[in-house]
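Visitor: next comes the sequence, and after it the predicted model I'd like to discuss.
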Amino acid sequence: MNILHLKYAVEIEKTRSISKAAENLFMAQPNLSRAMKELEESLGITIFNRTSKGITVTPDGEEFLQYARRIIAQVDEVEAIYNNGKQPKQSFSVCVPRASYAAAAFTEFAKRIRIDTPAEVYYKETGSIHAVDAIVNETCNLGVIRYQTAFERYFRNLFLEKKLNFEVIADFSYVLLFSETHPLAEKDDITLADLSDSIEICHADPYVPSMPSLDAKKAELSEFVDKRIYVYERSSQFDLLEKVPLTFMWVSPVPDDLLRQHHLVMKNCSENVKVYRDVLIYRKNYRLSELDKAFITDLCDAKRKYLK
């Protein structure tokens with residue numbers, strides 16, 4: 001086994017095609033097939049299943065490829081440091097829920113990035129299961145996932161199954177977000193029934209392991225509302241709330257400066273009894289970098305400031 005074999009295997013996984021991988025690697029397909037056969041024989045496992053529809057990865061292959069990606073990344077990092085006098089790169093990646101406090105934490109964190117050193121920083125807002133997949137597949141190093149505490153057992157089992165470290169960041173309840181011009185903006189005691197004439201802006205990817213997506217949506221969404229706009233990203237939600245009449249959204253608490261910027265108001269709902277939990281996750285074999293630790297510090301500071 002050598003580094004080239006590892007790179008070959010990772011490229012095949014990426015393309016799910018021997019011919020496409022060979023093309024990308026500028027080598028003949030028979031040579032690539034022979035190299036993979038030699039690798040599998042030397043390891044005593046089958047990495048890929050070859051089918052008429054393409055390539056699939058075996059369970060043994062999934063485990064091997066995790067090691068392969070990590071080794072290649074480490075080799076690339078060493079080469080970057082020592083070849084042509086290049087400086088070590090600042091690397092950071094995180095998946096987070098669509099949360100104002102997380103965005104505020106990242107803004108503070110971004111101030112730490114040195115301008116005299118190359119940097120690759122990735123900040124992705126996504127749903128919990130997509131975040132878990134990114135951590136497991138090593139396309140991201142840190143994740144913050146959100147779920148209802150009612151689903152604690154499902155997620156604890158998932159963390160154990162995927163070999164993830166996990167630490168609770170915060171527990172909180174959602175608040176209601178309205179435009180200042182919404183009829184309910186001046187009401188102090190809002191009930192769930194009050195929302196029936198409004199349009200809910202909600203994120204489109206609620207998901208719980210071992211639960212059908214329809215049931216997961218029912219657990220998240222109120223029976224009193226029958227008009228919804230589903231969004232997959234965060235940037236447009238404030239514009240929708242500000243400019244589309246009679247819209248509202250359930251959110252984690254929002255900083256005052258964002259409320260003023262978008263002419264929004266936050267309101268509590270005494271009938272809302274759902275409690276949410278934000279949890280930090282990362283792979284058990286992953287060693288936190290100094291940048292990781294800095295982000296976690298900023299995240300906890302923002303949590304204390306905004307999720308009181």
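Guide: On my side now, so go ahead. Quick caveat: nothing in here was measured; it's all calculated off a predicted structure.
Visitor: going along the chain, name the helices of this structure.
Guide: Applying DSSP state H to the chain gives helices spanning 3-15, 18-24, 29-43, 59-82, 100-110, 128-136, 152-161, 213-220, 235-243, 256-262, 290-306.
Visitor: so which of those comes closest to I145?
Guide: helix 128-136 (3.9 Å; CB to CB). The C-beta positions use only the backbone N, C-alpha and C, and glycine is treated the same way.
Visitor: distance from the chain centre to the closest one, please.
Guide: 6 Å (CA atoms, centre = their mean, to the nearest Å).
Visitor: quick check: angle from that helix to helix 59-82?
Guide: Counting by axes from the mean of the first three to the mean of the last three CA atoms, to 10 degrees, helix 128-136 lies at 60 degrees to helix 59-82.
Visitor: so what does helix 128-136 touch, helix or strand wise?
Guide: Here helix 128-136 touches strand 90-96, strand 142-148, strand 164-172, strand 276-283, going by 3 or more CB pairs under 8 Å, 6 or more residues apart in numbering; DSSP states H and E.
Visitor: give me the contacts around the second one.
Guide: What that stands for is strand 142-148. 93-97, 99, 102, 128, 131-132, 134-135, 154-155, 169, 208, 219-220, 274-282, 292, 295-296, 299 (CB atoms under 8 Å, 6 or more residues apart in numbering).
Visitor: one more pass at 7 Å, please.
Guide: 93-97, 102, 128, 131-132, 134-135, 155, 169, 219, 274-282, 292, 295 (CB atoms under 7 Å, 6 or more residues apart in numbering).
Visitor: just the buried ones among those, please.
Guide: Taking 16 or more other CB atoms under 10 Å as the criterion, what is buried in the contacts of strand 142-148 is 93-97, 102, 128, 131-132, 134-135, 155, 169, 276-282, 292, 295.
Visitor: number of nearby residues for F26?
Guide: When neighbours are defined as other CB atoms under 10 Å, F26 has 6 of them.
Visitor: hey, least reliable of the helices of the chain by pLDDT?
Guide: Within the helices of the chain, confidence is poorest for helix 213-220, with a mean of 51 (mean pLDDT).
Visitor: domain-wise, how is this structure divided?
Guide: Domain segmentation of the chain under automatic domain parsing yields 3-81, 87-171+277-306, 174-272.
Visitor: tell me the most buried of these?
Guide: Neighbour counts (mean count of other CB atoms under 10 Å) averaged over each of the domains of the chain peak at domain 87-171+277-306, with a mean of 17.
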